[in-house]
Structures are given as structure tokens and as C-alpha cells.
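could you work out the structure for the sequence below:
(chains A and B)
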2 protein chains.
Amino acid sequence: MTEKIRIAIAGYGNLGRGTEAAVAQSADMTLTGIYTRRDPSGVQPLDAAVPVRRLDDIDAHRDEIDVLILCGGSRNDLPEQGPALAARFNTVDSFDTHARIPQYFEAVDVAARAGGTVALISVGWDPGLFSLNRLFGEAILPQGETYTFWGKGLSQGHSDAVRRVPGVKAAVQYTVPSPEAIEQVRSGARPVLSTRQKHTRECFVVLQEGADADQVREAIVTMPDYFADYDTTVTFISEETLQREHSAMPHGGFVIRSGESGTGEKQVVEYSLTLESNPGFTSSVLVAYARAAHRLSRAGERGARTVFDIAPALLSPRTPEELRRDLL
Amino acid sequence: MTEKIRIAIAGYGNLGRGTEAAVAQSADMTLTGIYTRRDPSGVQPLDAAVPVRRLDDIDAHRDEIDVLILCGGSRNDLPEQGPALAARFNTVDSFDTHARIPQYFEAVDVAARAGGTVALISVGWDPGLFSLNRLFGEAILPQGETYTFWGKGLSQGHSDAVRRVPGVKAAVQYTVPSPEAIEQVRSGARPVLSTRQKHTRECFVVLQEGADADQVREAIVTMPDYFADYDTTVTFISEETLQREHSAMPHGGFVIRSGESGTGEKQVVEYSLTLESNPGFTSSVLVAYARAAHRLSRAGERGARTVFDIAPALLSPRTPEELRRDLL
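Predicted coordinates:
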């Protein structure tokens, strides 16, 4: 039996908790610590035996950590934590602000090269597994179109936007892909689809006492960037209903490449996810890529990487011989 | 503009023709020759400007070939050609006899290491892209089940088996996945499915004159290994109907991983292909992986590889910066 890969977690929200659980499913890994910016005594890990420590104290535990999984948010945590921690640890993160990936990659790459570490950025399902399928799609069928649909799923960013509307006490927003659009794409037709044709948005809103429902609805459906370009429904519900029916975090979506062979035939490739828990699945992806980060580091590699750079065999605990025999 | 990757093709059947067409879709590649065991004067490439030569003469053209794509069959051609040609060229092949992959890998690996070449074996969609999805599925969701369904599609091996039945003049066989079984798996239920529950088989048969239809049907549906374990339908048709309605080579299928996060939620990942042309798509995959073979060879790598060993970025003609910016 080879030694277990020693994982640590930085940040303990939904993603951190999911990561703890995913490490527990991995026989070749062990969790050596959870590091938090909160008071550690207020954090209850799933396994009470796992030490919870202050993130500020993490340097004292460098020799207990092969890979540090960063479970902070892309907006406030990772832009600073990513480079800072990659300078001292092999890291895996799920940075998902698409537009800022190039500059984030650069910052992490500089830190990781200087620190002699491997840092996998933007790991998860989008960015992540969906990105891989976009790449495979256009590399294999260069003549064609790629379509990404999201949902049905809870969008954190859009839910936050609804919550900022005056008169809203609480809210969730679901992104719903259009079944008609998906069927059209699946048929190999390669339609040009507007934003409105691809997805609809469903909001479930709890009003503050005395708020005007019509005014709130209008403020939501006309909100630029978030809702104005979509068909949006707003349903007002009670706080109890919100708690009872809308506290799960399902998500998913589709990447479809519709293309044509050199000899003229239609070829359609579809990748889809149906997730009962978005953070639960993202954690599972992070943990598989932590295995790859550890192996790359052992092999002497240095610097930032993305899912595009990782040979799939590195994700599996099985040997190359087993993989060829059982899965090829 | 960097120099184009110089591709050559060994074997010019459906797969070779598809490969020629797929190279023509790739702006960073050029086809420098088609090599055949037939009389070259009898071979008509899609592009008349491409030289067609005897496979026996290929060594005289080594300095015109960066990667040789092997388009022969797995039963009779590749077991011999694969190692022999990997000793002298970087190769990509679609060896698909699952049970023999380990020994084929060894033979090609020895030849490629001795020859200082890179040889990618078993590239296509199954083995190939389906294998990748089986690996990703179990690496990311270690607690779960993987289901592979094939079809609806023309099976060459099963069609050949029907053609060997006395009284059969011509025939095709389609493998059809059970919609009920797929729906069950998609639901996250993780059923245990028998061979009979997963697929049905549809045969379209042209009888020889005087042959007894009932006898032929009985011989087909009771044939061990090929049909006895399946629900099989046999439809007798005229030779004209066979030509008119059954000369395309559609195929496809599904790889579904149904698993559970560490925190208990159901997560379902599905990869599916709907192909108007099986050899057309396989060729497209071979050509994308030829790009990877060339890059690995340039980077000094040596030996046999499978799709498991190839970082996805190597398949794309785009730079790592472009991939991160546009596809991640």
C-alpha cells in the first residue's frame, strides 16, 4: 500500500463540506486539516476527528499537506488566496469568473513557479468538465457549433441579484434550459439561438411586509444583464415554502457539439449533468483533480495548470494497466 | 505560420477515406500520401492530387511523414501492422478488440520505444471517447455505477455473423439500446440490468433463392454469443431494399455514470453520440489525436499511449492561452 495523499481544505462552506465528504470516499486520500478564517471552535466538520485550524496558522502545517483544496469564493476569496497559497502549497481551486480566468491564471502561475508548486485552477464542471467537452467538440469536429445550456438549476449569482431588489426578503432563482432549443440542437440542425431562446429564468420570492408585488416583479424582470434579455417568471411564496421546497442546490446542463464529418455526415456529441447538489459535485471534481496535482508535483512539474493540461489517467487511483484492461 | 503536420494514411477503406476528409478539414495538417496493400492504380482518393503508393514502399517516404494514421482492421491488419509500423513512424490507430488491448499495447510499446516513436493505440469512440467518460465517471464519483449502451447503430461484427448463416445472401444488423433501460439509469436508480434488458438486435436479411426463412431466422436468434442472449428480430427484405435503406453506417451510444456524492446526493453524468457515420466520426477522432502524437513526439516522448495518457489541450490547434480565454 502506497502512502495516502494528504489533503487539506481552505474554507469550510458548502464546497468545503462537500470536499471533506468526497475525500472520505477516496481510499487513497486522507484529510489532515480544515483551515478557516472563522473562529475554528465554531466550525463543525462532518468527521469530528479532523482538526480545524485558523487559516493564518497553515504554514506551521506545511509538512502535513500534499495538496490544499481551496474552497473559497471566486469573487472575494480566490483572487487573493489563490496566488498567496499557491506560493506555498500544491493547490486546486474552482475559480469560476470566466472573464478573469486569464489574469487569474497568470497570477497563480507566477506564484506557483516561484514556490515550486503545482496549482490547478478553475476545476469543477463549468469551468471544468464542460470546458473539456467544448474543447473535445471543436478539436474532433472542427466544422460545427458548440452549444452550452445550463440548468435546470439554482443560480447563486442570479439569486443574489433578486435579493438585492428593494422589497425582497428572500429569493431563489432557477435557470431553465429551453427544451425546444435543446431538441433543435440535438437534431443536428445548428440553429442560431438568441439568449431568450436558450434559457428561461424562474424566481421564487418572499416579499418584505408591505412591499408592492407588482413593483418588485417589474424591478426583477427588467434588470439589465441578469433578467432583461430573458423570459422571467416571478412567483411569490411564503418563507415556509421557500425553506421547505427551495433549499436544495440542484444544477446541471448540457454541452452539445453539432458538427459535420469531412465526408458530410451529421455527428452530434452531447455531454450532460443532472446534479442533485451543485457544490457536492464540484467537490467531487476538485478531489479527483487533487490526485492529479499530487502526481504532477511528484513528477517535478511546476506552475499553474487547467483541466486542459491534465492527462485523464492522472485522475484515477487505478494503475495504467488496470485502466487499459478494464476501462479502455 | 508554423509548418503543417504531415499526415499519411495506411489502408484506404471507409476509415481511410474518412481520415482523408478529416485531414482536409484541419488547417494545420497536410496529407502527404495514402499507402495501400492493393494496387495503387485501383485506389481513387477524394483528392486526386494525393499520391497513392504501395504500403511496401513506405520506408522510402519516411521524411515526408510526421504521423501515420493506421486505417486497417483490428482483426487482420493491426495486430501485425501496428507494431511493425510503430517501429518506424509515429502512429495512431483504432484497435478495438477490447480483450486484446493489453497485449497489443505491449507489442506496440516495445516497437515504439525501440524505434523512438510515439504510438497512440485504440483511438476512436469505443475504445476512445467512451473509455475516457468511463474513467472520468468513476474517478469523480467513486461510489456509483457506469453503464455503456450502444446504438442505435450498425454492428459490423454482428452483420458478418448473420451473413455466415447458410441461406443468407446479404444482411445488416442494428444494435438498439432499450429506451426503458436508459430512462431507468438516467433517473439515478442504478438498476442491475441483464444483457437482454440493455439492448435488442434487429436483423435485415436478404435470403438466397430457395432458402427456408424459418430455418434462417431460427439459426440467427439462437446463435450463441451473438444473439442467443438478446431479443432479436429478423426481417426479410429484398436486395433492392437493403441497398436503398441500409447502406449508411449510423452508430452511437451512451455512457452514463450514476453516482452519489459524499454528502449523499444523486449525481448523473451522461455522454452520448448520435452519428450518421461511424467511420466518419472515428476518423475525426483519429485525426485530432494525430495532432497530439506529433506534439508528444516533438517533446521527446517515446512509446505507446492511449487516450488516457493525452492531455486534452494537445488535441486542439489553438494555443493554451486561447483555450483558457475562449473555452474554459
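
pretty sure A:Leu314 sits against A:Ala292.
Yes: counting by C-beta atoms under 8 Å, A:Ala292 is a contact partner of A:Leu314 at 3.7 Å. In short, each C-beta sits where N, CA and C put it, glycine included.

so those two - more neighbours on which side?
A:Ala292 (25 against 19; other C-beta atoms under 10 Å in any protein chain shown).

so what's that one up against?
Residues counted as contacts of A:Ala292 (C-beta atoms under 8 Å, 6 or more residues apart in numbering or on different chains) are A:Leu120, A:Ile310, A:Leu314, A:Leu315.

ok, A:Asn14 next?
A:Met249, A:Pro279.

what kind of secondary structure is the residue in the stretch 101-250 of chain A positioned nearest to chain B in?
The nearest approach of the stretch 101-250 of chain A to chain B comes at A:Ala139, 4.0 Å away (C-beta to the nearest C-beta). At A:Ala139 the chain is in helix, as set by DSSP: H, G, I helix; E, B strand; the rest coil.

quick check: the residue of the stretch 151-300 of chain A nearest chain B.
For the stretch 151-300 of chain A, C-beta to the nearest C-beta, closest residue to chain B: A:Gly262, 2.5 Å.

for A:Leu70, phi and psi?
phi -90, psi 120 (degrees, to the nearest 10).

what about the spatially closest residue to it that is not a sequence neighbour, how many neighbours?
Nearest residue to A:Leu70, sequence neighbours excluded (C-beta to C-beta, 6 or more residues apart in numbering or on different chains): A:Asp93, at 3.9 Å. A:Asp93 is flanked by 30 other residues according to other C-beta under 10 Å.

can you check A:Ser194 too?
A:Ser194, neighbours per other C-beta under 10 Å, totals 10.

sec struct for the residue of the stretch 151-300 of chain A closest to chain B, please.
coil.

that one: what's it in contact with?
A:Gln143, B:Gly18, B:Glu20, B:Ala21, B:Ala22, B:Val23, B:Ala24, B:Gln25, B:Gly280, B:Ser283, B:Ser284.

for A:Gly303, state which of these is nearest.
Using C-beta to C-beta, B:Ser284 is the member of those that lies nearest A:Gly303, at 31.7 Å.

so after the helix or strand harbouring the closest one, what's the next helix or strand?
Per DSSP states H and E: B:Ser284 is located in helix B:278-298. Per DSSP H and E, the first helix or strand lying C-terminal to helix B:278-298 is strand B:303-305.

who does that following strand touch, helix- and strand-wise?
helix B:101-115, strand B:118-120 (3 or more C-beta pairs under 8 Å, 6 or more residues apart in numbering or on different chains; DSSP states H and E).

6 Å - rerun?
Where contact means 3 or more C-beta pairs under 6 Å, 6 or more residues apart in numbering or on different chains; DSSP states H and E, strand B:303-305 is packed against helix B:101-115.

quick one: buried residues of the helix it packs on?
B:Ile101, B:Tyr104, B:Phe105, B:Ala107, B:Val108, B:Asp109, B:Ala111, B:Ala112, B:Arg113, B:Gly115 (16 or more other C-beta atoms under 10 Å in any protein chain shown).

got those residues as a markdown table, with distance to chain A and pLDDT columns?
Formatted as a markdown table, the buried residues of helix B:101-115 follow (distance: C-beta to the nearest C-beta, whole Å; pLDDT from 0 to 100):
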| residue | distance to chain A | pLDDT |
| --- | --- | --- |
| B:Ile101 | 5 | 96 |
| B:Tyr104 | 10 | 98 |
| B:Phe105 | 6 | 98 |
| B:Ala107 | 13 | 98 |
| B:Val108 | 12 | 98 |
| B:Asp109 | 11 | 98 |
| B:Ala111 | 17 | 98 |
| B:Ala112 | 15 | 98 |
| B:Arg113 | 15 | 98 |
| B:Gly115 | 21 | 98 |
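
quick one: contacts for A:Lys198?
Residues counted as contacts of A:Lys198 (C-beta atoms under 6 Å, 6 or more residues apart in numbering or on different chains) are A:Ser178, A:Ala181.

what do you get for A:Phe254?
A:Phe149, A:Ser272.

can you check what angle separates the helix or strand harbouring it from helix B:278-298?
Using DSSP H and E, A:Phe254 sits within strand A:251-260. Strand A:251-260 and helix B:278-298 meet at an angle of 100 degrees, taking axes from the mean of the first three to the mean of the last three C-alpha atoms, to 10 degrees as the criterion.

circling back: dump the contacts of A:Ala292 to TSV, plus secondary structure, pLDDT and distance to chain B.
Below are those laid out as TSV (DSSP: H, G, I helix; E, B strand; the rest coil; pLDDT from 0 to 100; distance: C-beta to the nearest C-beta, whole Å):
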residue	secondary structure	pLDDT	distance to chain B
A:Leu120	strand	98	12
A:Ile310	coil	98	6
A:Leu314	helix	98	9
A:Leu315	helix	98	4
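
find the nearest non-adjacent residue to the residue in the stretch 1-150 of chain A that chain B sits nearest to, please.
When scored by C-beta to the nearest C-beta, the stretch 1-150 of chain A has A:Ala21 as its residue closest to chain B, at 2.5 Å. Distances taken as C-beta to C-beta, 6+ apart place B:Gly262 nearest to A:Ala21, at 2.5 Å, with adjacent residues excluded.

tell me the phi and psi of that neighbour?
phi -60, psi -30.

contact residues of the stretch 201-328 of chain A facing chain B?
Residues of the stretch 201-328 of chain A lying near chain B by C-beta under 6 Å from any C-beta of the partner chain: A:261-263, A:265-277, A:280-281, A:284-285, A:288, A:306, A:308-309, A:311-313, A:315-316, A:323-325, A:327-328.

list only buried entries from those residues.
A:261-263, A:265-277, A:280-281, A:284-285, A:288, A:306, A:308-309, A:311-313, A:315-316, A:323-324, A:327-328.
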